[in-house]
Every structure is written in C-alpha cells, then in structure tokens.
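**Q** sequence plus predicted model, see below.
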Amino acid sequence: MPEFEVELEQGRIARIGVRRGAPCGATWEAAARLANLPVDEALACIGLQTQYFCAADPAGWDPIYGKSPVHLAAEIHRKALLRALQ
C-alpha cells in the first residue's frame, strides 16, 4: 500500500514525499507531478498519473473487482493521498 508525507501551504501541496510506493515505480513519478497543485486537483490527478506510469497490464481484468490493475492502482493511490492529507 502506498504511503505519502504531505506538507500543505495555502491549500496547495507544497511538498510530497513517498514513504512507500508501488513496485512498478509509478508512485514516485505520479507524486512528483503533484507539487503546487490545489488539494482537490491533486486528488483527481494522482490516479491519472498513477495509471499513466503504471507498468501493469491494463488488459488483465481482475474478476473480483471488475477492473484492470491500473484502475485499481489509481484508486489505491488516491486513497493513500487522502489518508496523508487527513
């Protein structure tokens, strides 16, 4: 499960660090693109960035979740960022 450290300034992400990330490396690439974004925009962006940099096969649908691994990774990263912001 990814884990972030976040510092906010005036409702924007001033600094974000990755304490634990996905094995494919998408966590670090996605987090690097969140600096200076407003919190609501960062929450929307983290999932998309994770999907973009994720190396999982998007064609492999998970029968339990009904989604591809990249969609699941996006949701997991968004929830991890939300936890860090709380």
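**A** Cool, the structure landed. Numbers count the residues shown, from 1 in each chain.
**Q** surely Phe4 and Arg78 touch.
**A** No - using Cβ atoms under 8 Å, Phe4 is not in contact with Arg78, being 10.9 Å away. Where C-beta positions appear, they are placed from N, C-alpha and C, glycine not excepted.
**Q** more neighbours: which of the two?
**A** When Phe4 and Arg78 are compared for neighbours, Phe4 comes out ahead with 22 against 19, by other Cβ atoms under 10 Å.
**Q** what sits against Leu37?
**A** By Cβ atoms under 8 Å, 6 or more residues apart in numbering, the contact set of Leu37 is Arg12, Ile13, Cys45.
**Q** 6 Å instead?
**A** Ile13 (Cβ atoms under 6 Å, 6 or more residues apart in numbering).
**Q** could you pull up phi and psi at it?
**A** Reported as degrees, to the nearest 10, the phi and psi values for Leu37 are phi -80, psi 150.
**Q** brilliant, that's me finished.
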